[in-house]
Each structure stands twice: as structure tokens, then as C-alpha cells.
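Undergrad: This is a predicted model, with the sequence first.
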Amino acid sequence: MTLVCTPEIAIPEAELIETFVRASGPGGQNVNKLSTAVQLRFDVRRSSSLPNAVAIRLMRLAGRRLTDDGVLVLVAQRFRTQERNRADARERLAALVAEAAVPPTPRRATRPTLASKKRRLEEKTKRGVTKRLRGAPMD
């Protein structure tokens, strides 16, 4: 089974590593006995399913969730069952990859309008007059 992130990008099951750990926080008697939290690991650097540009953007988006080795670690512990936490972690990974798949729009250089230049210069002269008037009075 593959994790479909976008119509073009799908991550094969073999590239995802899931480990189940004990969740922190409230949970009654179950919290000390059941490992319901999911730790999903995805090696972004060595993944063959991601285009290079998407992988670079994903590593930038991941922030603190990325290890020094280029492995993205997502911890899901919102729900009380393993299956729901597993689905949550996969959804979050798919959302991150989908966000990274959108290339940033290039910035187009624009020039200030003539009117805005005039307003700026008028404001500068007014400010200069105000500052000049603050000085000591002349004889």
C-alpha cells in the first residue's frame, strides 16, 4: 500500500517506518500499559519517491522534526487508539509533502509609481522641516 500525497507523488510503504511508543498525558489505567502513540519515520534524503526540489522544500518545512541524518520524525498521540494515531501521522506526512510539492511563486521586481515617489519626497521634506524647527531658536 502506498501513501498518496499528491496526484504525482506517492510514498511506498517500504519507505515508512512506524514504531509504537507509550503516549504521554492523561489516559487512565491504559496509559502505562498500551503503546498507542505512533512515531512515523520517513527518510527524506534517501527517498526515491520524492523529486529533489520537493525533498529540499520538505526538509526546510520540517524544521525541528528533521534529524541530522535527514529523517523526518512525526509523533502522533492525539487519539487513544493505535490505528487512529497511525492514520493521523500518515495524514500529517501527506499534508507536509503536499505543501512542499507546491513550488513557491517567483517574486517579480516592480518599480514604485510616480505618485508614491512624490508622496515619499513630500513626507521627507515635511519631516526635515519639523526636525529643523526643533533646534535652538536663532537670533
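TA: Great, that's in hand. None of the values given here were measured: they were computed from a predicted structure.
Undergrad: Could you tell me which strands sit next to the helix or strand of the chain with the lowest mean pLDDT in the sheet, and their orientation?
TA: Of all helical and strand segments in the chain, the minimum by mean pLDDT, DSSP states H and E falls on strand 2-4, at a mean of 76. Using DSSP bridges, the strands paired with strand 2-4 are strand 10-12 (antiparallel).
Undergrad: Report how many residues lie close to the closest residue to residue 70 other than its chain neighbours.
TA: Distances taken as Cβ to Cβ, 6 or more residues apart in numbering place residue 45 nearest to residue 70, at 3.1 Å, with adjacent residues excluded. No exception for glycine: its C-beta is placed from N, CA and C like everyone else's. Look at residue 45: counted by other Cβ atoms under 10 Å, it has 14 neighbours.
Undergrad: same thing with residue 79?
TA: The number of residues near residue 79, taken as other Cβ under 10 Å, comes to 16.
Undergrad: For the helix or strand hosting residue 95, which helices and strands make contact with it?
TA: Using DSSP states H and E, residue 95 falls within helix 82-101. Applying 3 or more Cβ pairs under 8 Å, 6 or more residues apart in numbering; DSSP states H and E, one finds that helix 82-101 contacts strand 2-4, strand 16-21, strand 37-43, helix 52-62, strand 71-76.
Undergrad: Phi, psi for the nearest residue to residue 53 once chain neighbours are set aside please.
TA: Leaving out its chain neighbours, the residue that sits closest to residue 53 by Cβ to Cβ, 6+ apart is residue 103, at 7.0 Å. In terms of degrees, to the nearest 10, the main-chain angles of residue 103 are phi -70, psi 140.
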